[in-house]
Structure formats: C-alpha cells, structure tokens
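Show me the folded form of this:
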Amino acid sequence: MSPRPVRPGEHASAFAPDPYPGERPAGSFVVDDGGLLWPLERTGTDWVVDRPDRPDLATWLTAAGASPLEERVPLVGYGSNACPGKVLRNATPLPAVHLACTLEGLASVWCDGLTHRGDVPVTLVEAPGHTEEAALMLVDPAELAVLDVVEGRAARAYDLVRLEAGRVCVEGRPVTDTLTYVGRAPHRWPLLVDEAPVRRVDADQAGVRALRSGPTTSVEPTPLGPVVPLG
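Sure, this is the predicted structure:
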C-alpha cells in the first residue's frame with residue numbers, strides 16, 4: 001500500500017507505530033503540541049502550514065512558543081522515527097517538523113538483532129544507485145536529547161553521525177550538514193542473507209522475521225561519516 005498524505009487536523013495516532021517501523025505519511029508535515037498533523041506546502045522559499053490561517057512555518061513555530069528554524073538541525077529519520085505515531089510514543093517535545101526527503105546512495109536495511117520490544121529494527125548503509133524516501137526531521141536540542149535516549153546512544157547501540165556518504169534531497173535540492181543515527185553495536189549491524197543486506201523496502205517485519213529463521217550473518221558496515229561526540 002502506498003503512503004498517503006496526512007489529513008489536516010488528524011491525530012498522529014492515525015499512523016500506527018506497530019508493526020515496526022510503523023506507518024509513515026507521504027509528503028511533509030508538522031505535529032502540533034496537541035498531537036495533530038498538518039501538511040506542509042512549499043511556496044517559493046517558504047513552507048506553509050496547511051491550516052485555515054495558512055501561516056508560514058517560521059511564524060507557526062513562533063506562535064507555538066517552539067524553537068525557531070535556525071535552532072533546529074536536520075536529522076534523517078529512515079525507520080520508525082518517520083512514523084507520527086512513534087513521535088508520540090517517543091514523547092519527544094512537540095511541535096515536530098518532518099520534511100519529505102529522498103535518500104540517494106543510501107538504504108535503510110534490517111538489523112541482525114532485536115529491540116527491547118522484540119522488533120527487528122533498521123540501520124542505514126551505503127547503497128550506490130539506490131534511492132528511497134525518508135523523513136528529514138528538523139529537531140531542536142530538546143528533541144535530540146530524547147531521541148538520543150530512544151536510540152540508545154549512550155549505550156552505544158546507535159551512533160549519531162554527520163552524514164558524508166550518499167545524498168539527502170528535499171524537493172530535488174541537496175541538504176547539507178545532515179545527521180542520522182547509525183547502528184554501532186553488533187546487534188545493530190546489517191542482517192545479511194546470502195551475504196547481502198536486506199533492505200527495508202524489500203521486506204516487512206514479518207518477512208524479515210521469517211528470513212531470520214534461516215541462515216544469516218552480519219557485518220560491521222562502512223562508516224557513513226564522522227561520529228558526533230557525546231556531551
């Protein structure tokens with residue numbers, strides 16, 4: 001089933017986080033402080049929030065008492081963090097901003113191990129010639145602090161990395177200085193079947209669980225960029 005755009009004013013829980021990695025919308029959107037979703041539309045150089053008053057994104061964030069755009073950093077969400085229902089489960093501070101983006105030369109792939117919830121999670125690897133859709137989350141320091149805990153950064157499950165491999169594009173325009181979480185611990189390395197990683201777009205949670213019942217291996221992936229130091 002193809003992803004659908006968010007409907008103005010619908011609740012983020014309309015996009016279920018289970019089974020992992022959850023449902024993700026098509027297009028760009030915001031989650032307001034009440035957990036409601038609003039599409040974002042590009043008008044020239046601005047993003048406009050699709051509400052009756054149609055404020056630009058900067059004005060909308062200011063009115064919500066949220067961190068301005070200049071205090072936010074672009075973070076690629078390629079797994080469950082792209083799901084609005086998971087945003088609520090994470091309990092990251094709201095509002096949240098998600099821009100639809102395209103990953104070029106990068107692929108989300110299934111990991112070798114399980115999460116504490118018993119799900120097979122995903123990580124990101126280089127994949128020359130591959131493209132896939134993801135979310136570019138514009139996060140402030142408070143959101144990033146919560147995501148660090150969710151991703152097990154202090155426990156070295158995932159590293160926060162400054163992407164140098166591949167390319168991240170929003171509406172065809174490259175975005176620089178992007179961050180993302182990449183599996184560091186062996187149980188977050190890519191699962192290999194017949195010596196090849198299994199891309200998220202090629203198997204769902206049930207499918208990858210079935211694959212794990214057969215012969216598999218894993219391998220430490222090639223770094224995608226420098227690790228951002230903790231603290």
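
what helices or strands is whichever strand in the chain runs longest leaning on?
Using DSSP state E to define each element, the chain has its longest strand at strand 122-139. Using 3 or more CB pairs under 8 Å, 6 or more residues apart in numbering; DSSP states H and E, the elements in contact with strand 122-139 are strand 73-77, strand 96-110, strand 167-170, strand 179-183. Backbone N, C-alpha and C define where each C-beta goes, glycine included.

ok, L94 - how many residues close by?
18 (other CB atoms under 10 Å).

and it, what is it in contact with?
V31, D32, D33, G34, G35, V87 (CB atoms under 8 Å, 6 or more residues apart in numbering).

Could you do A26 as well?
So A26 contacts S2, P3, R4, P5, A100, E133 (CB under 8 Å, 6+ apart).

Scan the contacts of L94 and report the most crowded one.
Using other CB under 10 Å as the neighbour test, the contacts of L94 are led by V87, with 28 neighbours.

And the contacts of L94, which is closest to G22?
Set against G22, the nearest of the contacts of L94 by CB to CB is V87 (9.7 Å).

The closest one and G214, how far apart?
34 Å (CB to CB, to the nearest Å).

in this protein, which residue is closest to the centre?
Nearest to the mean C-alpha position of the chain, counting by CA atoms, centre = their mean, stands G77 at 1.2 Å.

I figured L103 was touching L136, is that so?
No - when contacts are counted by CB atoms under 8 Å, L103 is not listed as touching L136 (9.6 Å).

how about stretch 155-174: buried residues?
A157, Y158, D159, L160, V161, L163, A165, G166, R167, V168, V170 (16 or more other CB atoms under 10 Å).

possible to save the residues you listed as a markdown table with distance to V150?
Output for these, formatted as a markdown table (distance: CB to CB, whole Å):
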| residue | distance to V150 |
| --- | --- |
| A157 | 10 |
| Y158 | 9 |
| D159 | 14 |
| L160 | 12 |
| V161 | 16 |
| L163 | 19 |
| A165 | 23 |
| G166 | 23 |
| R167 | 26 |
| V168 | 21 |
| V170 | 24 |
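
who wins for neighbours among the contacts of A26?
The residue in the contacts of A26 with the most neighbours, by other CB under 10 Å, is A100 (20 neighbours).

circling back: okay, the contacts of A26 in a markdown table with distance to L191 and pLDDT next?
Below are the contacts of A26 laid out as a markdown table (distance: CB to CB, whole Å; pLDDT from 0 to 100):
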| residue | distance to L191 | pLDDT |
| --- | --- | --- |
| S2 | 26 | 85 |
| P3 | 24 | 93 |
| R4 | 29 | 96 |
| P5 | 31 | 97 |
| A100 | 27 | 99 |
| E133 | 21 | 98 |
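
Leaving out sequence neighbours, find the closest residue to G27.
Leaving out its chain neighbours, the residue that sits closest to G27 by CB to CB, 6 or more residues apart in numbering is P5, at 4.5 Å.

What segments of the protein are strands?
29-31, 37-43, 46-49, 73-77, 96-110, 122-139, 158-162, 167-170, 173-174, 179-183, 191-193, 196-197, 217-218.

Distance from the chain centre to the third one, please.
Translated: strand 46-49. 21 Å (CA atoms, centre = their mean, to the nearest Å).

Buried residues, that strand. List them.
Applying a neighbour-count criterion of 16+ other CB under 10 Å, one finds W47, V48, V49 buried in strand 46-49.

For the longest helix belonging to the chain, name the packing helices and strands.
Using DSSP state H, we find that the single longest helix of the chain is helix 141-150. Using 3+ CB pairs under 8 Å, 6+ apart as the contact test, the elements touching helix 141-150 are strand 73-77, helix 84-90.
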